[in-house]
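> Got a predicted model here, sequence first, then my questions.
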Amino acid sequence: MPELPELNPVIHGKLRLALLSLLTGVEEAEFTWLRSKTGSTDGNLGAQLLKLEEAGYIAVKKKFVQRKPQTLYRMTEAGRRALTDYVVALKQLLGGAIGD
Amino acid sequence: MTGNAEELELKERLNLIETMIAEGRRTTASYGWIFVLWGVAYYVAIYLDSVLHFHLAWQVTMTSAAILTAILCMARSRSHPPTTTSRALGALWFGTGISMFIVLFSLGYSDRMDLRIFVAVICGMLGSVNAASSMILKWKLQFACALVWWATTVFACFGKGHHVMTVFLAAIFLCQIVFGISGMIREACARRQGADHA
């Protein structure tokens, strides 16, 4: 019997998965944009982004625009690979159930 | 039972990934208003030039339209993050804009500008950039606009003076105003769909 793949626990969290998926479609995104798309609170969003950053899946850039601080997030190559692997594992686990 | 619940949860994760990827891409596509803005700018320039005989009509109008576009795009980019597609399109239009500006400015100041050359150059360049953009966006209607611009270029080379201006005005109406409004409607529908799915 073939062994079933394990899902990456860093990505499996709903909000972290949503964040990584959002970042695949854009080059970089502001904290406020991610907050509006996920409907998350500042604290929770910051914590989940930090976990993704610590895992090396996203990179953070801080800058000032018109004297206001701006935090930009972008997906790293490792993040892209991890999400791809996660989707492959997910599809393997679901097997034939995907088309249902 | 547990197996079913797990399966549902995994499916939910897969749906979440698809929805979020689509959401990230969807919200960045909004170009219709730029076409309308530049269509109006062309009409204003033609009016100032032909009716009011303002010598710097094109230079002033085009520069103002370029500044206005840049300001609005910058304001918009704060709430909509850039995508590879938006950067490619931006580069394409920026490059074409600079080329048009240099050619037309030089033709104007060297006193070698004539209506046919002017229309042929503008429409030829607009045909190229619209065709390239339509291929990136897979937007058939925009490719139809490119064909209209190219047809206008050919007409400008062979047609009579006053007819050339009429055809140019019609091409602006079709490819800037009508196309821009249709783009805005398409984008509004896409946004509404996104809101429904959220």
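Arrived safely, thanks for sending.

> Dump the helix or strand where B:Y47 lies to PDB, restricted to CA.
In this structure, B:Y47 sits in helix B:32-50 according to DSSP states H and E. Extracted in PDB, the C-alpha atoms of helix B:32-50 (Å, rounded to 0.1, in the frame of the first residue of the first chain):
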ATOM      1  CA  GLY B  32     -10.700  50.500 -19.000                       C
ATOM      2  CA  TRP B  33     -10.600  54.000 -17.500                       C
ATOM      3  CA  ILE B  34      -7.200  54.700 -19.000                       C
ATOM      4  CA  PHE B  35      -8.500  54.100 -22.500                       C
ATOM      5  CA  VAL B  36     -11.500  56.500 -21.900                       C
ATOM      6  CA  LEU B  37      -9.200  59.100 -20.400                       C
ATOM      7  CA  TRP B  38      -6.800  59.000 -23.400                       C
ATOM      8  CA  GLY B  39      -9.700  59.000 -25.800                       C
ATOM      9  CA  VAL B  40     -11.100  62.200 -24.300                       C
ATOM     10  CA  ALA B  41      -7.500  63.600 -24.300                       C
ATOM     11  CA  TYR B  42      -7.200  63.000 -28.000                       C
ATOM     12  CA  TYR B  43     -10.600  64.700 -28.700                       C
ATOM     13  CA  VAL B  44      -9.600  67.700 -26.500                       C
ATOM     14  CA  ALA B  45      -6.200  68.000 -28.400                       C
ATOM     15  CA  ILE B  46      -8.000  67.800 -31.800                       C
ATOM     16  CA  TYR B  47     -10.500  70.400 -30.700                       C
ATOM     17  CA  LEU B  48      -7.800  72.800 -29.400                       C
ATOM     18  CA  ASP B  49      -5.700  72.300 -32.500                       C
ATOM     19  CA  SER B  50      -8.300  72.300 -35.200                       C
END
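
> and that helix, how far from the chain's centre?
13 Å (C-alpha atoms, centre = their mean, to the nearest Å).

> Now do stretch A:50-57: distance to the chain's middle.
With C-alpha atoms, centre = their mean, you get 9 Å for stretch A:50-57.

> close to chain B, is it?
No: on the criterion C-beta under 8 Å from any C-beta of the partner chain, stretch A:50-57 is out of touch with chain B, staying 13.7 Å away. Glycine gets a C-beta too; all of them are placed from N, C-alpha and C.

> Show me what counts as buried in the helix holding B:Y47.
B:32-36, B:38-46, B:48-49 (16 or more other C-beta atoms under 10 Å in any protein chain shown).

> ok, which residues in chain B are in contact with chain A?
B:7, B:10-11, B:13-14, B:16-25, B:27-28, B:78-84, B:87.

> Can you give me every residue that contacts B:I122?
B:M100, B:L104, B:F168 (C-beta atoms under 8 Å, 6 or more residues apart in numbering or on different chains).

> Nothing else from me, thank you.
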